[in-house]
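Asker: Need a 3D model of the sequence below.
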Amino acid sequence: LLMILRILQEEDGPIGSRMIAARMSKQGVALSERTIRYHLRMLDERGLTTLVDRHDGRVITESGAEEINNARVRDKVGLSISRIENLAFQTTFDPRTGRGVLPMNVSFFPKRSFKKALVAMKGAFKAGLAISQLVAVAEEGNRIGGLNVPAGQVAFATVCSITINGVLLKRGIPMDSKFGGILEINQTRPVRFVELINYSGSSLDPSEVFILGKMTSVRAAVEGGRGKILANFREIPARSGSLVEELVKELREVGIGGVLSLGRPGDPLCEIPLDINKVGMILLGGLNPVACAHEAGIAVENRAMSMVLDYQSLRSFGDVCREA
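Answerer: Next comes the predicted model:
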């Protein structure tokens, strides 16, 4: 049932049982059209899908979309680390050509407060607490990365730190994503992690949890140079250090940063111990600007690590502000 709902959610319009059967077959699940029609009737009865007409098929309802978000716990176990691995694999962006897709976070702001949110986020972008100045915006009724923008909302997408994972993976460098956390900084320099959530033990992205829990002080970091920001901890093989440094330079040249600190082989980084054959890396959280807006009292719904977008479709934050 959940697979059928997910297939319907990915579509722009209604589809029938034959198309659903074909999509499920590609995912390794073979069901007859008759069986799928039986399940669709069950979903109709629960108000999760609705029949447009017998020729066009069905669409998912708002209740159906909510059911996907609240899916059974066993479907969510390890979801956070799985999403990181899947998005890294989907990344095709090459900093040498400036082409390809890269992972993004998306945040939904009420349309009436979007301009206020842009003002609140401006400091974080200016202070370099975002992965990139490049963003994407979509108005209500449009789609962004396969997601529909609800009525009365504006979608605001920021570059995700998994972009670093994906670019390194495509160059043959494995990266171990350990945890997302709250990093204390002083004069823009990392001091220590004060909170952390392991990716392998969470069904939610840690950044979403920390923002909702009002555990950040990104605005203080922007205004006074000292505060608690969103950050992620990664490990790379010690022998890949020089290659990683070159890739980081290539990414900066095309407007993508995010590497706050790169350690030395075997040395602890911000009090996090490491194996002698590993190097620690601290990446900025892509949702730091959004955390700024949330700290200012602006309502926001975040979906971290939720999609990939074409690099060529992104715009500078400054341009978005001027247009707004």
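
Asker: show me the contacts for V248.
Answerer: V248 makes contact with V259, L262, according to Cβ atoms under 8 Å, 6 or more residues apart in numbering. Quick note: C-beta positions are derived from backbone N, CA and C, even for glycine.

Asker: do the one 10 residues further on as well
Answerer: For G258, the contacting residues are A130, I131, S132, V159, S161, T163, I164, L251, L283, L284, G286, taking Cβ under 8 Å, 6+ apart as the criterion.

Asker: Please apply the same query to L118.
Answerer: V320, C321, A324.

Asker: any chance of those in JSON lines, plus pLDDT, neighbour count and distance to G57?
Answerer: Formatted as JSON lines, those follow (pLDDT from 0 to 100; neighbours: other Cβ atoms under 10 Å; distance: Cβ to Cβ, whole Å):
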{"residue": "V320", "pLDDT": "96", "neighbour count": "17", "distance to G57": "37"}
{"residue": "C321", "pLDDT": "96", "neighbour count": "15", "distance to G57": "42"}
{"residue": "A324", "pLDDT": "87", "neighbour count": "12", "distance to G57": "38"}
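
Asker: can the residues you listed go into JSON lines with extra columns for distance to L314 and secondary structure?
Answerer: Conversion of the contacts of L118 to JSON lines gives the following (distance: Cβ to Cβ, whole Å; DSSP: H, G, I helix; E, B strand; the rest coil):
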{"residue": "V320", "distance to L314": "10", "secondary structure": "helix"}
{"residue": "C321", "distance to L314": "15", "secondary structure": "helix"}
{"residue": "A324", "distance to L314": "16", "secondary structure": "coil"}
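
Asker: Distance to E295 for those - can I get that in JSON lines?
Answerer: Shown next, in JSON lines, are these (distance: Cβ to Cβ, whole Å):
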{"residue": "V320", "distance to E295": "20"}
{"residue": "C321", "distance to E295": "19"}
{"residue": "A324", "distance to E295": "20"}
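
Asker: Nearest to G152 among these?
Answerer: A324 (16.4 Å; Cβ to Cβ).

Asker: Can you show me the strands along the protein?
Answerer: 49-53, 57-60, 101-110, 134-138, 143-144, 147-148, 153-159, 176-186, 189-198, 226-237, 259-262, 278-284, 301-310, 315-316 (DSSP state E).

Asker: Among those strands, which comes closest to S25?
Answerer: Closest among these, using Cβ to Cβ: strand 57-60, at 16.8 Å.

Asker: Now do that closest one, average pLDDT.
Answerer: Strand 57-60 shows a mean pLDDT of 92 in the predicted model.

Asker: How about stretch 170-178?
Answerer: In the prediction, stretch 170-178 has an average pLDDT of 94.

Asker: who's in contact with stretch 200-217?
Answerer: Residues contacting stretch 200-217 (Cβ under 8 Å, 6+ apart): 73, 76-81, 83, 105, 179-182, 195-197, 199, 227-230, 285-288, 290-291, 294-295, 300, 302-305.

Asker: Please pick the buried ones from those.
Answerer: 79-81, 83, 105, 179-182, 195-197, 199, 227-230, 285-288, 290-291, 294-295, 300, 302-305 (16 or more other Cβ atoms under 10 Å).

Asker: pLDDT weak spots in the stretch 201-324 of the chain?
Answerer: Within the stretch 201-324 of the chain, not a single segment meets pLDDT under 70.

Asker: cutoff 90 now
Answerer: 201-205, 271, 275-276, 305-306, 324 (pLDDT under 90).

Asker: which residue is nearest the middle of the chain?
Answerer: Nearest to the mean C-alpha position of the chain, by Cα atoms, centre = their mean, lies M305 at 1.9 Å.

Asker: where does the nearest residue to that residue once chain neighbours are set aside land on pLDDT?
Answerer: Leaving aside its chain neighbours, M305 sits nearest to R83 (4.8 Å; criterion: Cβ to Cβ, 6 or more residues apart in numbering). Note for R83: predicted pLDDT of 86.

Asker: same question, D75
Answerer: 56.

Asker: what does G78 give?
Answerer: At G78, pLDDT is 58.

Asker: Could you do R72 as well?
Answerer: With respect to pLDDT, R72 has a value of 61.

Asker: do N148 as well
Answerer: pLDDT, read off for N148, is 84.

Asker: What of L1?
Answerer: 89.

Asker: thought it was touching L43?
Answerer: Yes - contact criterion Cβ atoms under 8 Å: L1 and L43 qualify, at 6.4 Å.

Asker: Okay, now the unreliable bits of the stretch 51-200 of the chain?
Answerer: 52-57, 62, 64-83, 141, 143, 145-148, 150, 187-189, 200.

Asker: Tell me how many other residues crowd the nearest residue to E11 once chain neighbours are set aside.
Answerer: For E11, ignoring the flanking residues on the chain, the nearest one in space by Cβ to Cβ, 6+ apart is V59 at 7.6 Å. V59: 17 surrounding residues under other Cβ atoms under 10 Å.
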